[in-house]
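*Asks:* here are the coordinates; sequence isn't available:
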């Protein structure tokens, strides 16, 4: 098995944990540099609904983009994590940054504020 295939197997869909062991989501995509005549080089991991939609079925990209533009937090479509931030890989991928610093939990915060907090019995 080539090193690129192992990289895909070892990264895609793995849980990302920040420096406080808070789950940030899962790796939806990877970005590689493909230098001429040399081994591919890992640049970054990415998370986001549109990236996952491309992997699952291309027809999902347009509705995913529409949902992002009309609902939820107003942030970039992709959360990018440079490879230099990876501390440890195993069952999960541990990075040395905080989830809130890169808006990885933007949807969770938006749902908690706009939906969960308004439900009967939420304590608000």
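*Replies:* Perfect, thanks for sending it. Keep in mind the model is a prediction, meaning the values are calculated, not measured. Residues are numbered from 1 along each chain as shown.
*Asks:* contacts and neighbour counts: CA atoms only from here.
*Replies:* Fine.
*Asks:* Partner strands of the helix or strand hosting residue 24, with direction?
*Replies:* Secondary structure assignment for residue 24, by DSSP states H and E: strand 23-26. Strand pairing for strand 23-26, using DSSP bridges, gives strand 15-17 (antiparallel).
*Asks:* who touches the strand it pairs with?
*Replies:* Counting by C-alpha atoms under 8 Å, 6 or more residues apart in numbering, the neighbours of strand 15-17 from elsewhere in the structure are 23-27, 91-95.
*Asks:* Just send these back as a markdown table, with neighbour count, pLDDT and distance to residue 62 too.
*Replies:* As requested, the contacts of strand 15-17 are arranged in a markdown table below (neighbours: other C-alpha atoms under 10 Å; pLDDT from 0 to 100; distance: C-alpha to C-alpha, whole Å):
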| residue | neighbour count | pLDDT | distance to residue 62 |
| --- | --- | --- | --- |
| 23 | 17 | 92 | 27 |
| 24 | 22 | 90 | 24 |
| 25 | 17 | 88 | 22 |
| 26 | 21 | 91 | 21 |
| 27 | 22 | 92 | 20 |
| 91 | 11 | 92 | 32 |
| 92 | 16 | 94 | 30 |
| 93 | 20 | 94 | 29 |
| 94 | 22 | 96 | 31 |
| 95 | 23 | 95 | 31 |
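*Asks:* want to try TSV for the residues you listed, with distance to residue 73 as columns?
*Replies:* TSV is the format used below for the contacts of strand 15-17 (distance: C-alpha to C-alpha, whole Å):
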residue	distance to residue 73
23	19
24	16
25	16
26	18
27	20
91	29
92	26
93	25
94	25
95	23
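*Asks:* Identify, from those, the entry nearest to residue 123.
*Replies:* For the contacts of strand 15-17, the closest approach to residue 123 (C-alpha to C-alpha) belongs to residue 23, at 24.3 Å.
*Asks:* Neighbours of residue 123, how many?
*Replies:* Here the count is done by other C-alpha atoms under 10 Å, and residue 123 has 8 residues near it.
*Asks:* Can you classify the residue nearest to it when sequence neighbours are not counted by secondary structure?
*Replies:* Distances taken as C-alpha to C-alpha, 6 or more residues apart in numbering put residue 117 closest to residue 123, at 7.4 Å, once the chain neighbours are dropped. When the structure is split into helix, strand and coil by DSSP: H, G, I helix; E, B strand; the rest coil, residue 117 lands in helix.
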